[in-house]
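**Student:** any chance you could fold what I've pasted below:
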Amino acid sequence: MPRDKAPVFRRAIIPWYDSDRVCWIVIGFMLATAVFSTAGLFAALEEPIYRNYIWLPLLLLLLSIGIAISTLIRMFRRYIDRLSR
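**Tutor:** Next up is the predicted model:
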């Protein structure tokens, strides 16, 4: 009959898409996206005909910052969890 509990000495397996390295890559891409959207925001503000489309780079900026912050929070919680063991 199989056991229901995992042994105490085993670590939890983190999927490859949630590893520290991939999280840092995601943060890097999100910061690059934030820079790109900031440039688009300034370009849209300079031209009067593009001011109606300012919502697109602004949305891209907010979403990229939100994803970067949520990934940093996830990594911070994982770091705190490692320290408590």
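**Student:** can you pull out the helices in this protein?
**Tutor:** Assigned by DSSP state H, the chain shows helices spanning 20-46, 55-84.
**Student:** including distance to residue 13, could those helices go into TSV?
**Tutor:** To be clear about C-beta, it is placed using only N, CA and C from the backbone, and glycine gets the same treatment. Below are those laid out as TSV (distance: least, C-beta to C-beta, whole Å):
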stretch	distance to residue 13
helix 20-46	14
helix 55-84	13
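**Student:** got any ranges where the chain has weak pLDDT?
**Tutor:** Counting by pLDDT under 70, the chain shows low-confidence ranges at 1-12.
**Student:** okay, now residue 64: neighbour count?
**Tutor:** 21 (other C-beta atoms under 10 Å).
**Student:** could you do the one 5 residues further on as well?
**Tutor:** Burial measure for residue 69: 12 neighbouring residues, criterion other C-beta under 10 Å.
**Student:** from residue 41, how far off is it?
**Tutor:** Here the criterion is C-beta to C-beta, to the nearest Å. By it, residue 69 lies 19 Å from residue 41.
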